[in-house]
Structures are given as structure tokens and as C-alpha cells.
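J.: have a look; sequence and predicted model below, questions after that.
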Amino acid sequence: MELILYLSVALLAVAFAVLVYFVAQTLRSVQHTLANVSGTLNDVVNQMDGITHETTELLHKTNQLTADIQERTQALTPVFESVKGIGESVHKVNASIEQVTQNVVQKSERHSDEIARAVQWTEAAIDMWHKWKNKKLKQH
């Protein structure tokens, strides 16, 4: 019975040694995995630093571009106001021309009979002058 006790203790010692060996292997594997994770995280941190730097530069350039656009827009404001003024002036000139045209049409309609008589008298005078001129040429 003593022998069984010694064999049991020996078996227990061997089992414990095997357990310790596999726990050590597992811990080494975990250590290796954690080292890889640490390296990956360091790479991610470096990439994030680069991205942060690039983003900061991009934001700075965007702010400069926004300021430039705002300055140019403010510089163009007087031009747009001038164009608006020109448009209003052209509209007023068109309205004046239309009014003058309407006045001329109305006056010509009122005096159309008188104008027709004046044209007839003018034609008659021209005919008489031509006849007189022809008569004078025949006499010479």
C-alpha cells in the first residue's frame, strides 16, 4: 500500500510537471501575442499621429481657402452692385424709349390726316416743279 502511495505521489508529480510545462507554453504564446498586439497598437498610434498631422494641415489649408474665398467675394460685391445698377439704368432707359415711342405713335395717329395732306401737296409741288423744269428745258 505504501507502494501505491509512492506511485500516486510520483504520478501526481509527473502530472503537475506536465501541467506546469503546458501552462508555461501557454504563457509564452500569450506573451508573444501580446507583443504582436503591442506592436500593432504602436503602428496604429503612429498612423493616427500622421493622420492627425495631415488633418490639421488640411484644416489649416481649408481655413485659408475659406478666408481667400470670403475676401474675393467681398471684393466682387461692388462689381455685383454696379451690374445691378447698370441693369436698373437699362430698364429705365427701355421704359423711357417705350414711352417716347408711344408718344410718337399717338401724335402721328392724331396728325395722320394732316401729314397725308402735306405729302399730297408736296407731291403736287414736285410734279409742278418737274413740269416747269421740263418746259424750261424744251424752250432752250
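T.: It's in.

J.: what's around Gln64, how many residues?
T.: Neighbour count for Gln64, taken as other Cβ atoms under 10 Å: 10. (C-beta placed from N, C-alpha, C; glycine too.)

J.: got phi/psi on it?
T.: The phi/psi pair for Gln64 (degrees, to the nearest 10) reads phi -60, psi -40.

J.: what does the one 5 residues further on give?
T.: According to degrees, to the nearest 10, the main-chain angles of Ile69 amount to phi -60, psi -40.

J.: pLDDT value on it, please?
T.: Predicted confidence (pLDDT) for Ile69: 95.

J.: and what of the one 4 residues further on?
T.: Model confidence at Thr73, expressed as pLDDT, equals 92.

J.: and it, how far is that from Leu11?
T.: For Thr73, the distance to Leu11 equals 89 Å [Cβ to Cβ, to the nearest Å].

J.: past the one helix or strand Asn36 maps to, which element shows up next along the chain?
T.: Using DSSP states H and E, the element containing Asn36 is helix 2-110. Per DSSP H and E, the first helix or strand lying C-terminal to helix 2-110 is helix 112-139.

J.: alright, I will stop here.
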